[in-house]
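[1] 3D model of this:
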Amino acid sequence: MVNLILKFVSCCRAADMRISTAEVIDCLSQLEIMDTCEEPLFQTILRANFAKSRREQGVFNRLYHLFFHEMPSGLNPESLFSEEIQAGQSQAPEPSMNELLRQLKESQDDTHHTQNQGDTLDRALMAFLGGSPLPFIEAVQKIHTQDEQASPLFKSNLGQLSSRLDIMLRINRLKTQMVQFLGSNNAWAEKDVPSVTAAVNRRLDKALEFLNTEPRPDNAGLRETGSHTLHYKTLGQIPFSNLTLEEIKAVKEIIDKLVRKLEEITSRRFSAASRGVVDVKKTIQRSVKYLGVPVEIVHKAKPLRKGKIVALCDVSGSVWSTARFMLNILYSLKTCFSRVKSHVFIDRTFDVTSFFMSHDANEAIKRILNDTRINYNARTDYGMAFQQFRDHHFQELDKKTTLIIIGDARSNYYNPREPLLEAMRDRCRRLIWLNPEQEKFWGTGDSEMLKYRDHCNEARACGNLNQLMAFIEALVL
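    Numbering: from 1, shown residues only. Reported below is the predicted structural model:
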């Protein structure tokens, strides 16, 4: 049992789950006092020790099902809860399967003398057939987390797709090699070739299914706002991208009134909350001049807890219509936050905080639009923008920072690189995504919003004045 659990832990670590030695020891000590044949209790103990949060339970369940259920008894004799065993299906005898894998490996070694990445993948597939999924899990995890090295002149971001396709081709080639080897080898002619072939195909189909199943984290704590207050029935419902010049002026006037209102509310709130607990030492000192009577009660100063804001804004197309109003409000309310930093992107991030520090919000927005360093003709690439932000601005995020991403998540079918968004979420206090599109369009066409939503603390449709006002009030108040 100890070796079995250690092998499972190795598979979990290969899938980027953090499991310490102390947690493994705790799990083993708990398994000693229970019946390991009771699978619900067995699975609960493993999940409680190895899955740190609810978001990791999806990955844990996927690996648990692969390791304890999808490995047939003929390929993994230690499997406790194999579906094939429970269903009473006959399996290829273990000695025959081991002998087949050994002979096939010898034939491959005779034809391949060089050791390269392709040989590594072939060995991983052979190990998967032999009941050891660890090398194959490592290869799949490497695909999910690999960085794209795109050329500035020709950017395709097809690295993940090509790597995935390479493994699929190798699986199909291995199936063909198995059939040819069994058919051409006279030593196997008298054995149960159909059952062995079926077992091999079943294993390789499981490998293909595992490769094509994207690891999606559980996000039960996602806050989704489906409705908003109708502050304005007509102007408030018009999408920002459809506003006329007169309507834009009216929206700016409404935003100015909202800013003044929120500043008054927050200043009163911070003033009332500035008192802390009673400072006993200073109160006793003050009471000396009143013959020991504590007439003056001294309170400890309570520092104001203002949040930090980092905004990451898509400035392509109609998204910029929402981003400019959002940035305008954030910098108008900068007294309500301890720090506000802003970055814009199309395919590369660009820090525009200095524009807002040197000019008022409207003038700063004009200068950003006219800055030649921002390539407005580039194709939007969210994955590359997230990569740039992680490489150069990751230190701006901490547990007091709220990261606000404004964009439609339409990335022109480039690699979305959602693991980078997960890293941002783990580093900051909360991650909020504002999408100017209606929710019914999320995930259509080249939209990656459904993938990104799983890594956010809050996802909102924010494409008109009413939705923007509802979000700002929730953020500040």
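
[2] What helix or strand is residue 42 located in?
    Using DSSP states H and E, residue 42 falls within helix 39-50.

[3] got a list of contacts for that helix?
    Helix 39-50 is contacted from outside by 5, 8-9, 12, 17, 19, 23-24, 26-27, 30-31, 34-36, 57, 60-61, 64, 80-81, using C-beta atoms under 8 Å, 6 or more residues apart in numbering. All C-beta atoms are positioned from the backbone trio N, CA, C, and that covers glycine.

[4] isn't residue 66 right next to residue 210, touching?
    Yes. Assessed by C-beta atoms under 8 Å, residue 66 is found in contact with residue 210 at 6.2 Å.

[5] out of those two, which sits in the busier spot?
    Legend: neighbour count by other C-beta atoms under 10 Å for residue 66 and residue 210, higher for residue 66 (22 against 18).

[6] secondary structure class for that one?
    Secondary structure, DSSP: H, G, I helix; E, B strand; the rest coil: residue 66 is helix.

[7] how far does the helix holding residue 42 sit from the chain's center?
    24 Å (C-alpha atoms, centre = their mean, to the nearest Å).

[8] Mind listing what's buried along that helix?
    Taking 16 or more other C-beta atoms under 10 Å as the neighbour-count basis, helix 39-50 is seen to contain the buried residues 42-43, 45-46, 49-50.

[9] And for stretch 243-250?
    Neighbour counts over stretch 243-250 (16+ other C-beta under 10 Å) mark residue 243 as buried.

[10] what's in contact with that stretch?
    235, 238, 251, 321.

[11] how close does the last one sit to residue 394?
    Taking C-beta to C-beta, to the nearest Å as the measure, residue 321 falls 28 Å from residue 394.

[12] Could you count how many residues lie near residue 123?
    For residue 123, using other C-beta under 10 Å, the count is 16.

[13] Quick check: it touching residue 134?
    No. With contact defined as C-beta under 8 Å, residue 123 does not count as touching residue 134 (11.5 Å).

[14] Give me the residue at the spatial middle of the chain.
    Geometric centre of the chain, nearest residue: residue 422, 3.2 Å, by C-alpha atoms, centre = their mean.

[15] That residue is in contact with residue 219, isn't it?
    No. Contact between residue 422 and residue 219 fails when scored by C-beta under 8 Å: they sit 10.3 Å apart.

[16] Overlap in contacts, these two.
    By C-beta under 8 Å, 6+ apart, the residues touching both residue 422 and residue 219 are residue 455.

[17] Only the buried residues of stretch 431-449, if you could.
    Result for stretch 431-449 [16+ other C-beta under 10 Å]: buried residues 431-437, 442, 447-449.

[18] tell me the mean pLDDT for it?
    Averaging the model's pLDDT scores along stretch 431-449 yields 92.

[19] before we move on, back to that, secondary structure class for the residue nearest to the centre of the chain?
    Residue 422 falls in the helix class when you classify it by three-state DSSP.

[20] which one is it nearest to, not counting chain neighbours?
    residue 455 (4.7 Å; C-beta to C-beta, 6 or more residues apart in numbering).

[21] Spit out the contact partners of that neighbour.
    Neighbours of residue 455 in contact, by C-beta under 8 Å, 6+ apart: 217, 219, 418, 421-422, 424-425, 431.

[22] Surely it forms part of a helix?
    No. With three-state DSSP as the criterion, residue 455 is located in coil rather than a helix.

[23] Would you mind measuring from it to residue 52?
    16 Å.

[24] Could you confirm residue 127 falls within a helix?
    Yes. Counting by three-state DSSP, residue 127 is found in a helix.
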